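>>> build me a model from this:
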Amino acid sequence: MFHSTFQAIANRIQPIPPPLLDRMEVIELPGYTPEEKLKIAMKDLIPRVLDQHGLSSNNLEIPEGTVKLLIQRYTREAGVRNLERNLAALARAAAVRVAEQESTISVSKDVHPMDAPLLDTRLAEGAEVEMEVLPMGVNNHEISNAFRSTSALVVDEAMLEKVLGPPRYDDKETAERVTTPGVSVGLVWTPSEERFSLLRPRQQSERVRARAADLQLAAAGQLNLMEGRDVHIHFPAGAVPKDGPSAGVTLVTSLVSLFSQRKVRADTAMTGEMTLRGLVLPVGGIEDKILAARRYGIKRVILPERNVKDLVEVPSHVLASLEILLAKRMEDVLEEAFEGGCPWRLHAKL
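Got it, this is the predicted structure:
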């Protein structure tokens, strides 16, 4: 056993006992890009799903464009588990169609005669004979060959909605939700998936008062801005656990947007920890967060300047499709988060 190597796979590292984890070499795998998912689906998932359902390409065709729609609108995840489930649902729909098709065969007189008086009479009348074919030694490929004469079912956008229901995701989702002041987009990493989160401030506290003073939203001695107000900060998707300091810059951006009544850019997401003096500190999970931003249609990502070293891990084609903005201080974040720059550029003391 001394020279043996054990391999284990886990979605979450937290439940692993620390003594065991200390003796393991941990290899973290990021999520797939849409391009990688497309290649996996076309090369591995679709052939496997067809074989599992007794079908072949003669029965069901899923074009590359349809797979792209499936990835974009139904399966925004780090892996491909749900993608395979949805492909299996399409295969089941095709299998039902094949099974329900009529197996009517026009039999002519030149067919080899069978020793059955009733069949001879029907053939003499030139009628059609319905026959049920029961393959012997049944296996998936024999079933496929039995129905090879039928036309292939080509999956299109309409069939996606018919089988899988309305799309679960929309590229306009972020833009539609960031339509009022006080909403900003943050990037969140969780053990199960990476995603973006919309923050909406609407509990008054001394800390909020202190930030208002630092931003000179009101004079330090006259915090009229907070007079008679409570601020509630809402993190949507409450069922998803969220911890860590990386939403600091997003929280401040939401507050500035709320108090200035200026909308944050809908195409921009951000991540980073902020100190009480306005420095933006590095955070983890950069590669996964950038992949999530691209997956959700984000075009601009604000990152801590000290996270620039982590960009080497991001695929080059992903970086080429995004505008990466580096921030050293909080005013750098605000300058890029708002159209036209920071609302209090001339007065902020961060």
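>>> just the element for T179, please.
For T179, there is no host helix or strand (DSSP states H and E).
>>> could you report the separation of it from M159?
Using C-beta to C-beta, to the nearest Å, T179 is found at 33 Å from M159. C-beta coordinates here come from the backbone N, C-alpha and C atoms, glycine included.
>>> wait, E77 sits on E84?
No - counting by C-beta atoms under 8 Å, E77 does not reach E84; the two are 10.8 Å apart.
>>> among T179 and M159, which residue is more densely surrounded?
Between T179 and M159, counting by other C-beta atoms under 10 Å, M159 is the more crowded of the two (16 against 9).
>>> report the buried residues of the helix or strand that contains that one.
In the assignment (DSSP H and E), M159 maps to helix 157-164. Judged by neighbour count (16 or more other C-beta atoms under 10 Å), helix 157-164 contains these buried residues: 159-160, 164.
>>> identify the residues contacting S151.
Going by C-beta atoms under 8 Å, 6 or more residues apart in numbering, S151 touches no other residue.
>>> quick check, pLDDT for it.
For S151, the pLDDT comes out at 73.
>>> is it true that V155 touches E64?
No - taking contacts as C-beta under 8 Å, V155 lies outside contact range of E64: 11.1 Å.
>>> between the two, who's got more neighbours?
When V155 and E64 are compared for neighbours, V155 comes out ahead with 24 against 10, by other C-beta under 10 Å.
>>> buried residues in stretch 52-59, which are they?
Of the residues in stretch 52-59, 53-56, 58-59 count as buried by neighbour count, 16+ other C-beta under 10 Å.
>>> sorry, that was for stretch 315-326
In stretch 315-326, residues buried by neighbour count (16+ other C-beta under 10 Å) are 315, 318, 322, 324-326.
>>> before we move on, what about stretch 255-275?
Buried residues in stretch 255-275 (16+ other C-beta under 10 Å): 255-260, 262-274.
>>> and the longest helix seen in the chain with helix 157-164, angle?
The residue-count maximum for a helix in the chain (DSSP state H) belongs to helix 81-100. Angle of helix 81-100 versus helix 157-164, following axes from the mean of the first three to the mean of the last three C-alpha atoms, to 10 degrees, is 100 degrees.
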